[in-house]
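A.B. asks: Here is a sequence together with a model predicted from it:
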Amino acid sequence: MSDVLVVADHRRGELRPVSYELLTVGRELADAMGGDLRAAVVGGDVERFAEKLDCEGVDAVHTVAGGEEFNHDVTAAAVTALADAFDPAAVVMPNSVNGLDYAPAVATRLSLPLVTDAVALDYEDGLTVTREMYGSKVETVIDVTSEPVALTIRGGEWPAAEGVGDAAVEPFDVDVDESSIRSTVRGFEEVGAGDVDISEAEFVVSVGRGIEEEENLDLIEELAEALDATLAASRPIVDNGWLPKNRQVGQSGKVVTPKVYLAIGISGAVQHVAGMKGADTIIAINTDPDAPIFDIADYGIVDDLFDVVPELIERFD
Ligand SMILES: Cc1cc2nc3c(=O)[nH]c(=O)nc-3n(C[C@H](O)[C@H](O)[C@H](O)COP(=O)(O)OP(=O)(O)OC[C@H]3O[C@@H](n4cnc5c(N)ncnc54)[C@H](O)[C@@H]3O)c2cc1C
């Protein structure tokens with residue numbers, strides 16, 4: 001009982017980025033616990049997903065057939081059965097809409113303690129899990145005193161697993177009684193149909209209240225275009241109705257993990273930082289040298305955005 005079982009996340013035919021972060025977490029935990037890393041994927045094109053999940057450090061990939069899209073009853077039954085069969089010390093799931101849907105059911109069925117929304121894990125004298133509370137203003141560290149344990153992890157907090165492994169791909173049969181399936185996904189309707197998903201973007205140009213007026217947004221849009229980046233914003237911009245909700249980065253918006261995050265006229269409030277601190281490189285433009293965004297920025301320009309942005313456009317257009 002020292003293996004770690006991680007459960008990949010997928011939506012509309014694609015593995016979600018958090019799946020690869022789960023593999024990183026799983027490998028770290030499995031090393032600490034002295035066991036194997038088992039990855040599982042339930043539903044969708046499981047064979048294609050299994051190939052992608054076979055990253056460096058993965059010992060086995062378990063595939064469970066189960067419809068095209070996520071289904072609560074199928075996933076809860078499959079993960080419970082996998083845990084019954086392999087007796088892992090930890091079952092690690094994504095803290096996504098899907099993960100939060102089935103993780104409590106799995107934990108209840110297996111009588112496991114469940115710690116959700118982990119942002120850091122440590123395993124020295126037993127497992128400790130760090131979570132954020134009160135709008136990311138406070139960190140709590142939880143000692144998990146019993147094993148096995150169920151966890152959900154926040155996306156964007158760990159690096160994605162890479163490389164190609166040589167894991168055994170093992171189809172796993174779960175007998176799900178049709179009559180036990182009480183809910184199904186009827187379809188998808190994207191918020192702001194046809195708009196981009198900022199959480200998938202590699203380069204995000206994000207704008208905050210420093211922009212002052214709605215018409216000044218054109219300048220930032222022009223820069224985003226010149227840089228081939230995706231436009232996002234802090235909450236006040238969205239609250240003002242200047243950009244749609246699906247462009248909001250942060251605690252009550254989306255979590256983004258781009259290679260580059262350019263924050264323009266954004267102060268760096270904790271609720272904003274909660275959505276972008278996982279970016280590889282953070283660049284900030286702000287007139288205030290004491291703005292908290294500079295505490296996490298890799299590069300900073302202390303200057304007026306209305307001077308800096310036109311120069312950047314000229315340089316990159
Ligand atoms: C429950 C809750 C949830 C929240 N969720 C979110 C969330 O998901 N996302 C989010 O972003 N916020 C969220 N907030 C709001 C958050 O607390 C901040 O109010 C918000 O992030 C501030 O946005 P801002 O940085 O754009 O504006 P401000 O804090 O007003 O910062 C504007 C910055 O622009 C700079 N500036 C001004 N003029 C210029 C100029 N000409 N050139 C360069 N810089 C300039 C200023 O120095 C300042 O640092 C939430 C709050 C609560 C209570």
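C.D. replies: Good, I have the coordinates. For clarity, every value in this text was computed on a predicted model and none was experimentally measured.
A.B. asks: C-alpha from now on. contacts and neighbour counts both.
C.D. replies: Fine.
A.B. asks: where does the chain have low pLDDT?
C.D. replies: 190-195 (pLDDT under 70).
A.B. asks: what does it put close to the ligand?
C.D. replies: Taking CA under 6 Å from any ligand atom, the part of the chain that reaches the ligand is made up of 135, 208-210, 234-236, 249-253, 265-269, 271-272, 285-288, 291, 303-306.
A.B. asks: Weed out the non-buried ones from those residues.
C.D. replies: 208-210, 234-235, 249-251, 253, 265-268, 271-272, 285-287, 291, 305 (16 or more other CA atoms under 10 Å).
A.B. asks: Among these, which ones are in strands?
C.D. replies: Within those, residues falling in strands by DSSP state E are 285-286.
A.B. asks: Narrow the buried ones among the residues of the chain next to the ligand to those in helices?
C.D. replies: 235, 271-272, 305 (DSSP state H).
A.B. asks: how about JSON lines for the residues you listed, with distance to V42 added?
C.D. replies: Converted to JSON lines, these look like this (distance: CA to CA, whole Å):
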{"residue": "R235", "distance to V42": "35"}
{"residue": "Q271", "distance to V42": "33"}
{"residue": "H272", "distance to V42": "33"}
{"residue": "L305", "distance to V42": "47"}
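A.B. asks: of all those residues, which two lie farthest apart?
C.D. replies: Q271 and L305 (22.2 Å; CA to CA).
A.B. asks: List the buried residues for stretch 163-183?
C.D. replies: In stretch 163-183, counting by 16+ other CA under 10 Å, buried: 165, 167, 169, 171-172, 174.
A.B. asks: Which member of those is positioned nearest L217?
C.D. replies: Checking the buried residues of stretch 163-183 one by one against L217 (CA to CA), the nearest turns out to be G165, at 45.5 Å.
A.B. asks: Surely the closest one touches G57?
C.D. replies: Yes: at 6.4 Å, G165 counts as touching G57 under the criterion of CA atoms under 8 Å.
A.B. asks: Pull the contacting residues for the residue nearest to D317 when sequence neighbours are not counted.
C.D. replies: Closest residue in space to D317, ignoring its immediate chain neighbours: A226 at 4.7 Å, by CA to CA, 6 or more residues apart in numbering. Counting by CA atoms under 8 Å, 6 or more residues apart in numbering, A226 touches 313, 316-317.
A.B. asks: List the contacts of S206.
C.D. replies: 231-234, 261-264 are the contacts of S206 under CA under 8 Å, 6+ apart.
A.B. asks: how about the helices of the stretch 151-300 of the chain, start to end?
C.D. replies: Secondary structure of the stretch 151-300 of the chain (DSSP state H, counting those that start in this stretch): helices located at 217-226, 235-239, 270-273, 293-296.
A.B. asks: Can you tell me which of those helices is most buried?
C.D. replies: helix 270-273 (a mean of 20; mean count of other CA atoms under 10 Å).
A.B. asks: Identify all contacting residues around that helix.
C.D. replies: So helix 270-273 is in contact with 135-137, 234-235, 249-252, 293, going by CA under 8 Å, 6+ apart.
A.B. asks: how does it look with 10 Å?
C.D. replies: 134-137, 233-235, 248-255, 266-267, 277, 292-293, 296 (CA atoms under 10 Å, 6 or more residues apart in numbering).
A.B. asks: For F316, grab the count of nearby residues.
C.D. replies: The tally of other residues near F316 (other CA atoms under 10 Å) stands at 11.
A.B. asks: for E47, that is, sorry about that
C.D. replies: 18.
A.B. asks: just A65 next, same as before
C.D. replies: A65, neighbours per other CA under 10 Å, totals 19.
A.B. asks: ok, and the closest non-adjacent residue to the residue of the stretch 51-200 of the chain found nearest the ligand?
C.D. replies: Nearest residue of the stretch 51-200 of the chain to the ligand (CA to the nearest ligand atom) works out as G135 at 6.0 Å. Using CA to CA, 6+ apart and skipping the chain neighbours, the partner closest in space to G135 is Q271 (6.1 Å).
A.B. asks: Same check on V25?
C.D. replies: W158 (7.1 Å).
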